[in-house]
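Asks: from the sequence below, what's the structure:
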Amino acid sequence: MTKTEFQELVKKGTVLLDGATGSCLKEKGMPSNVCVEDWICSNPELLTELQKEYKEAGSQIVYAPTFSANCISLKKHGLEQEVERLNSSLVEISRRAVGSDVLVAGDLTTTGELLEPLGDMEEEELFEVYCQQIRALAEAGADLLVAETMLCVAETEVAVKAAAAVCDLPIMCTLTVSENGRALFGGTAVEAVETLQELGAAAVGVNCSVGPEQLKTIVADMKAVAKVPVIAKPNAGLPKTKGDGTVYYDMEPELFASSVGELITCGADLVGGCCGTSPAYIAALAKQIRG
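Replies: Below you'll find the model as predicted:
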């Protein structure tokens, strides 16, 4: 997919993304305390089932579960040499699940290591880490890229630069921000739009973060400075905690869809769900959009 083709897709109307992956797979039986990417490659049936459900719900783009398949994150599991295999296999599984009429986005995120001066990671090292993963995703046939749940503008800049150096695929970028629009380790949602669109990002926005109700002002502020499409992929409301410490989300699909509909009114061009969402939420959102 080219950047022009991506722009043409958005021009046709609101683009529907997918919902959560990890939490849905756990509900389907994936154990805790495993390398998710490696486990899925050995047990592809659950991912295949989930992504087919997202396709049936109306998702136009699904994210391949390559979220932490970079060499730094994989090193924690002794799998730092498996970047190419894991990214390639996960894109292929996703492609088989949704076919050719749903786009597959190669997913990347923060490595967990902070850039200087907040941490010890040098920009050149992070650039090479992202280049390695993006190269594997592009060679595997991903239609586009997404850098999501990013924790600061600076590391997202590196991801966009790496994508431009390695391939011609469009890259969407979404940061995790607080209710005031600030990212955890530097920058704001508005600054992200202003900076990343100039570097060539195809779309910029927010994911995870908070619930849709808390993102209305943030989305409107992003839209005010955006030259590219704006993304909103919120959680199913604000997180709550059970007595045993388990985090959960209790916003029902219909209310979620209605609230995300308000984000579309505020300027969101691509929408989906993050933590606490499932194919039922995407189905409700699809109904909201068509309505």
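Asks: and the strand or helix carrying Val62, how far from the chain's centre?
Replies: Element membership for Val62, per DSSP states H and E: strand 61-64. Relative to the centre of its chain, strand 61-64 is centred 8 Å away, using C-alpha atoms, centre = their mean, to the nearest Å.
Asks: who does it pair up with?
Replies: Strand 61-64 pairs in its sheet with strand 103-108 (parallel), by DSSP bridges.
Asks: what does the strand it pairs with contact?
Replies: The contact list for strand 103-108, computed with C-beta atoms under 8 Å, 6 or more residues apart in numbering, reads 1, 60-67, 69-70, 87, 91, 94-95, 98, 130, 133-134, 137-138, 140-148, 159, 169, 172. For the C-beta atoms, the positions are set from N, CA and C on the backbone; glycine is no exception.
Asks: next secondary structure after the strand holding Val62?
Replies: Next along the chain after strand 61-64, taking DSSP H and E as the criterion, comes helix 71-75.
Asks: out of the contacts of strand 103-108, which are buried?
Replies: Buried members of the contacts of strand 103-108, scored by 16 or more other C-beta atoms under 10 Å, are 1, 60-67, 69-70, 87, 91, 94-95, 98, 130, 133-134, 137-138, 140, 142-148, 159, 169, 172.
Asks: the residue lying farthest from the centre of the chain in helix, strand or coil?
Replies: Ranked by distance from the centre of the chain (C-alpha atoms, centre = their mean), the top residue is Gly243, with 29.8 Å. Of the three states, Gly243 takes coil according to DSSP: H, G, I helix; E, B strand; the rest coil.
Asks: what's the pLDDT at it?
Replies: Gly243 is assigned a pLDDT of 81 by the prediction.
Asks: which stretches of the stretch 1-150 of the chain form strands?
Replies: For the stretch 1-150 of the chain, the strands defined by DSSP state E, counting those that start in this stretch occupy 15-16, 61-64, 103-108, 144-150.
Asks: contacts for stretch 84-92?
Replies: Contacts with stretch 84-92, where a contact means C-beta under 8 Å, 6+ apart, come from 37-38, 40-41, 47, 64-66, 69, 74, 79, 104, 106, 132-133, 136-137, 139-142.
Asks: give me the sheet partners of the lowest-mean-pLDDT helix or strand in the chain and which way each runs.
Replies: In the chain, no helix or strand scores lower on mean pLDDT, DSSP states H and E than strand 247-248, which sits at a mean of 84. If you go by DSSP bridges, strand 247-248 pairs up with strand 240-241 (antiparallel).
Asks: and the contacts of the strand it pairs with?
Replies: Val247, Tyr248, Tyr249, Asp250.
Asks: highest neighbour count among the residues you listed?
Replies: Within the contacts of strand 240-241, neighbour counts (other C-beta atoms under 10 Å) peak at Tyr249, which reaches 19 neighbours.
Asks: surely that residue touches Leu255?
Replies: No. Assessed by C-beta atoms under 8 Å, Tyr249 is found out of contact with Leu255, at 11.4 Å.
Asks: ok, Val10 - contacts?
Replies: Residues near Val10 by C-beta under 8 Å, 6+ apart: Ala203, Pro229, Asp269, Leu270.
Asks: ranges for the strands of the stretch 151-291 of the chain?
Replies: Under DSSP E, counting those that start in this stretch, the stretch 151-291 of the chain gives strands at 171-175, 203-208, 230-234, 240-241, 247-248, 270-271.
Asks: could you dump those strands into a markdown table and include distance to Gly261?
Replies: Output for the strands of the stretch 151-291 of the chain, formatted as a markdown table (distance: least, C-beta to C-beta, whole Å):
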| stretch | distance to Gly261 |
| --- | --- |
| strand 171-175 | 19 |
| strand 203-208 | 16 |
| strand 230-234 | 11 |
| strand 240-241 | 23 |
| strand 247-248 | 24 |
| strand 270-271 | 9 |
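Asks: the helices in the stretch 1-150 of the chain, which residues?
Replies: Under the criterion DSSP state H, counting those that start in this stretch, the stretch 1-150 of the chain contains helices at 3-11, 22-27, 36-42, 44-57, 71-75, 83-98, 123-139.
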